[in-house]
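S.K.: sequence first, then the predicted structure:
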Amino acid sequence: MGPVTKPSTRATLSTDQIVDAALALIAKEGVDRLSMRQLSAELGASLGATYRHVPTKDALLALCGRALYERSYHPRDAHDDPLHWVREQVMHLYDLLVEHPGMASRVVFTGNVDPQLSEDVRASLVQAGHAEDSVEMIGLVLTLYTAGALMASSQPTDGRTDDLDTRSLIVSGLDFILHSYVATGGHPKLTTRSGASAGPPAKAAKTASTTGARPKKTPSKKAPRKAGGAHEKQPAAEEPGRKGSAAGAKKAASAKVAARRR
């Protein structure tokens with residue numbers, strides 16, 4: 001097999017060719033081992049020619065991240081289930097990031113998302129029943145979940161779980177996230193730092209009214225009683241008979257003491 005013809009002049013070198021070659025090298029050796037000099041050698045171009053198209057390695061990796069987003073995008077068919085399509089989009093991106101070690105940190109939290117992909121995901125979530133004002137937060141939850149899944153996939157296993165099983169667990173987790181939020185009426189149930197629920201009060205009130213449930217009454221606290229006020233507990237009055245008998249007994253005891261002194 002003869003050598004592969006590679007571009008050697010600025011006229012034949014393009015940014016797309018540089019990105020494709022960079023992603024191929026990343027898939028083999030990872031982001032950390034990629035260098036602009038190595039990339040230029042792979043392209044058969046001078047280092048200066050490469051830099052004229054891509055000024056820095058960071059700029060190159062940003063282009064690579066956008067390219068991975070574009071590669072993960074599969075246009076949605078009108079008959080596709082919206083949540084299934086969103087799940088598959090997430091998994092397409094996950095698979096590409098697993099295949100390109102080190103690119104996750106350059107893709108997941110950079111905001112370098114393909115605009116068409118972002119819009120289609122938003123429309124699919126709303127169509128499936130997610131509230132419009134919750135879509136961005138659901139996207140963030142999916143992003144965090146994907147980042148955690150990528151971290152887990154990069155760790156060595158003990159042999160009890162193979163890659164296929166791990167991927168199946170990730171898919172199940174995505175289904176749980178997507179369908180759970182729909183089950184709450186499209187509004188994810190939040191929890192504040194104090195642990196109190198922070199769901200939408202208007203939605204909760206509407207749900208209670210449609211189900212016929214009566215709101216629970218909160219017992220009111222009694223005001224503290226003031227001294228001498230109408231609510232102050234008065235000592236019980238002694239009965240006349242008991243008062244007289246007590247006085248007589250005291251008088252008899254005094255007389256007995258006086259008699260002993262005499």
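M.R.: Alright, I've got the coordinates. Small disclaimer: the values here were computed from a predicted structure and weren't measured. Residues are numbered from 1 along each chain as shown.
S.K.: C-alpha only now, for contacts and for neighbours.
M.R.: Noted.
S.K.: wait, residue 170 sits on residue 149?
M.R.: Yes - using Cα atoms under 8 Å, residue 170 is in contact with residue 149, at 6.8 Å.
S.K.: is it true that residue 178 touches residue 83?
M.R.: Yes - under the criterion of Cα under 8 Å, residue 178 makes contact with residue 83 at 6.8 Å.
S.K.: domain parsing for the chain?
M.R.: In terms of domains, the chain is parsed into 1-55, 71-188 (source: automatic domain parsing).
S.K.: need the ones you listed in a markdown table (columns: mean neighbour count, distance to residue 63 and mean pLDDT).
M.R.: Converted to a markdown table, those look like this (neighbours: other Cα atoms under 10 Å; distance: least, Cα to Cα, whole Å; pLDDT from 0 to 100):
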| stretch | mean neighbour count | distance to residue 63 | mean pLDDT |
| --- | --- | --- | --- |
| domain 1-55 | 15 | 7 | 86 |
| domain 71-188 | 16 | 9 | 85 |
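S.K.: contacting residues around residue 90?
M.R.: Neighbouring residues of residue 90 by Cα atoms under 8 Å, 6 or more residues apart in numbering: residue 146.
S.K.: quick check: it vs residue 127, distance?
M.R.: The gap separating residue 90 from residue 127 is 17 Å, by Cα to Cα, to the nearest Å.
S.K.: so which other helices or strands are in contact with the helix or strand in which residue 41 is found?
M.R.: Residue 41 belongs to helix 36-43 when assigned by DSSP states H and E. Helix 36-43 is packed against helix 15-29, helix 47-53, with contacts defined by 3 or more Cα pairs under 8 Å, 6 or more residues apart in numbering; DSSP states H and E.
S.K.: strands along this protein, start to end?
M.R.: With DSSP state E, there are no strands along the chain.
S.K.: the helices in it, which residues?
M.R.: 15-29, 36-43, 47-53, 57-72, 82-99, 104-107, 115-127, 135-153, 163-183, 201-211, 240-261 (DSSP state H).
S.K.: quick one: average pLDDT of the longest one?
M.R.: What that stands for is helix 240-261. Average pLDDT, helix 240-261: 59.
S.K.: hang on, the earlier thing: to residue 64, which of the domains of the chain lies closest?
M.R.: Of all those, it is domain 1-55 that lies closest to residue 64, at 5.8 Å by Cα to Cα.
S.K.: of the helices and strands packed on helix 36-43, which approaches residue 97 most closely?
M.R.: The nearest among the helices and strands packed on helix 36-43, by Cα to Cα, is helix 15-29 at 9.2 Å.
S.K.: which residues does that closest one contact?
M.R.: Taking contacts as Cα under 8 Å, 6+ apart, the residues outside helix 15-29 that touch it are 33-34, 39, 42-43, 50, 53-54, 60, 63-64, 67, 99-101.
S.K.: angle of it against helix 36-43?
M.R.: Orientation check (axes from the mean of the first three to the mean of the last three Cα atoms, to 10 degrees): helix 15-29 against helix 36-43 gives 110 degrees.
S.K.: output helix 15-29 as CSV, nothing but the C-alphas.
M.R.: Extracted as CSV, the C-alpha positions of helix 15-29 are listed here (Å, rounded to 0.1, in the frame of the first residue of the first chain):
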residue,chain,number,x,y,z
THR,A,15,-9.2,24.2,8.6
ASP,A,16,-11.5,21.2,8.2
GLN,A,17,-8.5,19.0,7.2
ILE,A,18,-6.6,20.2,10.3
VAL,A,19,-9.6,19.5,12.6
ASP,A,20,-10.1,16.0,11.1
ALA,A,21,-6.5,15.1,11.4
ALA,A,22,-6.4,16.5,15.0
LEU,A,23,-9.4,14.4,16.0
ALA,A,24,-7.8,11.3,14.5
LEU,A,25,-4.7,11.8,16.6
ILE,A,26,-6.7,12.5,19.7
ALA,A,27,-8.6,9.2,19.2
LYS,A,28,-5.3,7.4,19.1
GLU,A,29,-3.3,9.2,21.8
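S.K.: who's in contact with residue 178?
M.R.: Residues near residue 178 by Cα under 8 Å, 6+ apart: residue 83.
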